[in-house]
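Enquirer: coords please:
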Amino acid sequence: MGRPCIPNTLLAVSNYKKADWKRYRELTAETCRQIRTEGRDINKVTKDFNAALLQAAKKCIPRGSRRYYKPYWNKDLESLQEELSEARREAETQPSQTNNIKLQKAANKFAENYEKVSNITVNRGRQREVRREERERRSKKSVQGRSDEASLTLNELLTALKKLKAKKPPGSDHITNEMLTHMGSFATKTLLDVFNLSWKDGKLPQVWREAIMATILKRGKDNKKVASYRHISLTSTAGKTMER
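Expert: Numbers count the residues shown, from 1 in each chain. Take a look at the predicted model:
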């Protein structure tokens, strides 16, 4: 097993300490006012909501840099992740042995290519474990398991937002906890509408069901040793907020 390659590169990161949160609240409120939720597909609504937050963040949150970052994610992995998401969608909407095999192949192909890029071995057992954990997470938190038809309230959402911790990595939608906790009041209401639309339809947005396999350095460990890294599964912060 070789050592991981950790080049002296720079990673662009959000500088939340210098963010213009007042303008961010105004922009998210203004943009979210234009988002219609009633009667629309949950995936399209979620896409519009995410775009509103990301556009505001781009204008209000300056970018910094971090040294000693391995740029594991690239266009090839992004393409493979899209193929995996499409295979998963077909397997869930059109259950068949052919689609299940296609999904398995897509998952293995993504894991194998991720392993090559990161230069850190992800054994087959760990790959299966991550996929199993993700299936269990979705099963436990499935909106289909809700026992009543009552809508979520604004107070419930605000309580969940207060529990979010800062400096946590986002999922594939790139929405961070900071973006959620600093939203304008109308943007918060829009997120509540998204949650309730999901409850009503009994369907989670596809992007909330996706996970990114990431490799991170353990605290206080040597970044030149393979054993110093652990694998985590990154999912949508909005999706996790709804689970609360």
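Enquirer: pLDDT weak spots in this structure?
Expert: 1-13, 64-74, 114-150, 226 (pLDDT under 70).
Enquirer: now the most centrally placed residue in the chain: closest residue in space that isn't a chain neighbour?
Expert: Against the mean C-alpha coordinate of the chain, by CA atoms, centre = their mean, the closest residue is residue 171 at 1.8 Å. Closest residue to residue 171 apart from its sequence neighbours, by CB to CB, 6 or more residues apart in numbering: residue 236 at 4.0 Å. Placement of C-beta: from N, CA and C, glycine included.
Enquirer: what's the neighbour count on that neighbour?
Expert: 24 (other CB atoms under 10 Å).
Enquirer: in this structure it contacts residue 208, no?
Expert: Yes. Counting by CB atoms under 8 Å, residue 236 does reach residue 208; the two are 4.4 Å apart.
Enquirer: please enumerate the shared neighbours of the two.
Expert: Applying CB atoms under 8 Å, 6 or more residues apart in numbering, one finds that residue 236 and residue 208 are jointly contacted by 171, 173.
Enquirer: follow-up on the earlier one: my guess is the residue nearest to the centre of the chain contacts residue 205, does it?
Expert: No. Contact between residue 171 and residue 205 fails when scored by CB under 8 Å: they sit 11.1 Å apart.
Enquirer: which neighbouring elements make contact with the longest helix belonging to the chain?
Expert: Using DSSP state H to define each element, the chain has its longest helix at helix 97-118. In terms of contacts (3 or more CB pairs under 8 Å, 6 or more residues apart in numbering; DSSP states H and E), helix 97-118 is packed against helix 75-93, helix 124-141, strand 212-217.
Enquirer: mind running it again at 10 Å?
Expert: helix 75-93, helix 124-141, strand 212-217, strand 229-234 (3 or more CB pairs under 10 Å, 6 or more residues apart in numbering; DSSP states H and E).
Enquirer: what angle separates it from strand 229-234?
Expert: In terms of direction (axes from the mean of the first three to the mean of the last three CA atoms, to 10 degrees), helix 97-118 departs from strand 229-234 by 140 degrees.
Enquirer: how far off centre is stretch 173-189?
Expert: Centroid displacement of stretch 173-189 relative to its chain, using CA atoms, centre = their mean, to the nearest Å, is 14 Å.
Enquirer: find the nearest non-adjacent residue to residue 163, please.
Expert: Nearest residue to residue 163, sequence neighbours excluded (CB to CB, 6+ apart): residue 244, at 6.3 Å.
Enquirer: how many residues are close by that neighbour?
Expert: The burial count for residue 244: 13, using other CB under 10 Å.
Enquirer: residue 17 now?
Expert: With other CB under 10 Å as criterion, residue 17 counts 8.
Enquirer: surely it is in a helix?
Expert: Yes. Under DSSP: H, G, I helix; E, B strand; the rest coil, residue 17 falls within a helix.
Enquirer: that one touches residue 62, doesn't it?
Expert: Yes. Using CB atoms under 10 Å, residue 17 is in contact with residue 62, at 9.2 Å.
Enquirer: do you know how far residue 172 is from residue 210?
Expert: Distance, residue 172 to residue 210, using CB to CB, to the nearest Å: 5 Å.
Enquirer: what sits in contact with each of these two?
Expert: 81, 82, 85, 234, 235, 236 (CB atoms under 10 Å, 6 or more residues apart in numbering).
Enquirer: check contacts around the residue nearest to residue 228 when sequence neighbours are not counted.
Expert: Excluding the flanking residues, the one nearest residue 228 by CB to CB, 6+ apart is residue 221, at 3.4 Å. Going by CB under 10 Å, 6+ apart, residue 221 touches 227, 228, 229, 230.
Enquirer: again with residue 103
Expert: Shown in contact with residue 103 (CB under 10 Å, 6+ apart): 84, 86, 87, 88, 89, 90, 91, 92.
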